[in-house]
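K.L.:
got a predicted structure here, sequence first:
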Amino acid sequence: MNKENKKKELLKLVSILSNNEMIYLIDILDLSSNQISVLRKSFSEHSIKMRVVKNTLLKKAIEKNRKFDSFFPILNGNTTILFSNWNASNITSKIIKNFHIQEKINKPYLKGAYTQESFYFGGNKDLNTLLHIKSKEDLIIEIFSILQFSIKDIISSFLNSTKYKICELLETLSSKKKDEKKKI
């Protein structure tokens, strides 16, 4: 790769790190071209891009975006980067996990991931964690749903108790009016 191509590739990697919500670093060493093609297609169906990178270029890109310094220790051997500009961590993990099951192998191996403004490391253990992690949007929806039911219950009980109080008040007023008419 000549100097100009390296510079272009470095700029692309800096852009990937800066403009994506989710970044996975995986090891696809020893996978056949057929298996890699299947993975690439599966990721592509969910707008997840896959790119094999050179560790030295990725290290230089990280030096320009210090937010990803945590990735330095895992930048050895084969590195492929998965990235998406939306939080696709559950889907990415499911694709990898399903691939493990279908192919009966533990590749691709998760080296590290950045999603939900957090880093994950440790291979398949963290892959399982990422599989079940909820996005911030999902958590907010869940909280609103819980609050919605609580608020409905509160309003319902308030209206029911208020309805009876109003009925009692009307009955009392009605009986007072009857009493006043009798006196006249």
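P.N.:
Cool, the structure landed.
K.L.:
and stretch 134-154, what's buried?
P.N.:
Residues of stretch 134-154 classed as buried: Ser135 (neighbour count, 16 or more other C-beta atoms under 10 Å). From N, CA and C alone the C-beta is placed, and that goes for glycine too.
K.L.:
what does the average pLDDT come to for it?
P.N.:
Across stretch 134-154, the average pLDDT comes to 75.
K.L.:
how far off centre is it?
P.N.:
Relative to the chain's own centre, stretch 134-154 is displaced by 17 Å; criterion: C-alpha atoms, centre = their mean, to the nearest Å.
K.L.:
quickly list the domain ranges of the chain.
P.N.:
Per automatic domain parsing, the structural domains of the chain span 3-133, 135-184.
K.L.:
most tightly packed of those?
P.N.:
domain 3-133 (a mean of 16; mean count of other C-beta atoms under 10 Å).
K.L.:
can you give me the end-to-end span of that one?
P.N.:
Distance between the two ends of domain 3-133: 41 Å, counting by C-alpha to C-alpha, to the nearest Å.
K.L.:
okay, now the unreliable bits of this protein?
P.N.:
By pLDDT under 70, the low-scoring segments of the chain are 150-152, 154-155, 157-167, 169, 176-184.
K.L.:
helices along this structure, start to end?
P.N.:
Per DSSP state H, the chain carries helices over the ranges 3-18, 33-44, 55-64, 89-103, 124-132, 136-183.
K.L.:
pick out the residue nearest the middle of this structure.
P.N.:
The centre of the chain sits closest to Ser135, judged by C-alpha atoms, centre = their mean, with a distance of 3.6 Å.
K.L.:
and the end-to-end length of stretch 77-91?
P.N.:
End residues of stretch 77-91 are separated by 25 Å (C-alpha to C-alpha).
K.L.:
what's near enough to touch Val53?
P.N.:
By C-beta atoms under 8 Å, 6 or more residues apart in numbering, the contact list for Val53 reads 13, 79-81.
K.L.:
can you do 10 Å?
P.N.:
By C-beta atoms under 10 Å, 6 or more residues apart in numbering, the contact set of Val53 is 9, 12-13, 16, 25, 59, 61, 75, 78-81.
K.L.:
re the thing from before, could I get the helices of the chain as TSV with distance to Tyr109?
P.N.:
Putting these into TSV (distance: least, C-beta to C-beta, whole Å) gives the following:
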stretch	distance to Tyr109
helix 3-18	20
helix 33-44	12
helix 55-64	15
helix 89-103	9
helix 124-132	8
helix 136-183	27
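K.L.:
of the ones you listed, which is nearest Glu117?
P.N.:
helix 136-183 (8.7 Å; C-beta to C-beta).
K.L.:
among the helices of the chain, which is nearest Leu110?
P.N.:
Within the helices of the chain, the stretch nearest Leu110 is helix 124-132; the backing value is 4.7 Å (C-beta to C-beta).
K.L.:
I'm done for today, thanks for sticking with me.
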